[in-house]
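Trainee: give me a 3D structure for the following:
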Amino acid sequence: MLLRIIAVISLIQFLLLMVSGESINLALYRGLLVFLILFSLVYISMFLLNIVQENTNAISKGSTAAEGNKSQNKSGES
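Mentor: Coordinates of the predicted model:
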């Protein structure tokens, strides 16, 4: 879905450049550049979101283990 949106945005940008009178070579280069920039931004953001999600899961697992240790220590003291 994101790839289709990126492709549509770059095609619209290409068409607008062609309508404005740019040469076809320049319009193709700019359209390809827009596509590559948008695709790389989406890919990098998905990669970073995955890292944040893994880090959040590791922290939550660590806090659950710490709470389990605290409850075991309290029951051992009684």
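Trainee: show me what contacts residue 45?
Mentor: By Cβ atoms under 8 Å, 6 or more residues apart in numbering, no residues touch residue 45. Where C-beta positions appear, they are placed from N, C-alpha and C, glycine not excepted.
Trainee: just the element for it, please.
Mentor: Using DSSP states H and E, residue 45 maps to helix 24-77.
Trainee: test my guess that residue 7 contacts residue 34.
Mentor: No - Residue 7 is beyond contact range of residue 34, at 10.3 Å (criterion: Cβ atoms under 8 Å).
Trainee: how many neighbours does residue 14 have?
Mentor: By other Cβ atoms under 10 Å, 20 other residues sit near residue 14.
Trainee: grab the nearest non-local neighbour of it.
Mentor: residue 31 (3.6 Å; Cβ to Cβ, 6 or more residues apart in numbering).
Trainee: let me know the pLDDT of the one you found.
Mentor: pLDDT, residue 31: 92.
Trainee: how about it, what does it touch?
Mentor: Contacts of residue 31 by Cβ under 8 Å, 6+ apart are 10-11, 13-14, 17.
Trainee: ChimeraX command for the buried members of those?
Mentor: The following ChimeraX line selects those of the contacts of residue 31 that are buried, judged by 16 or more other Cβ atoms under 10 Å:
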select :10,13,14,17
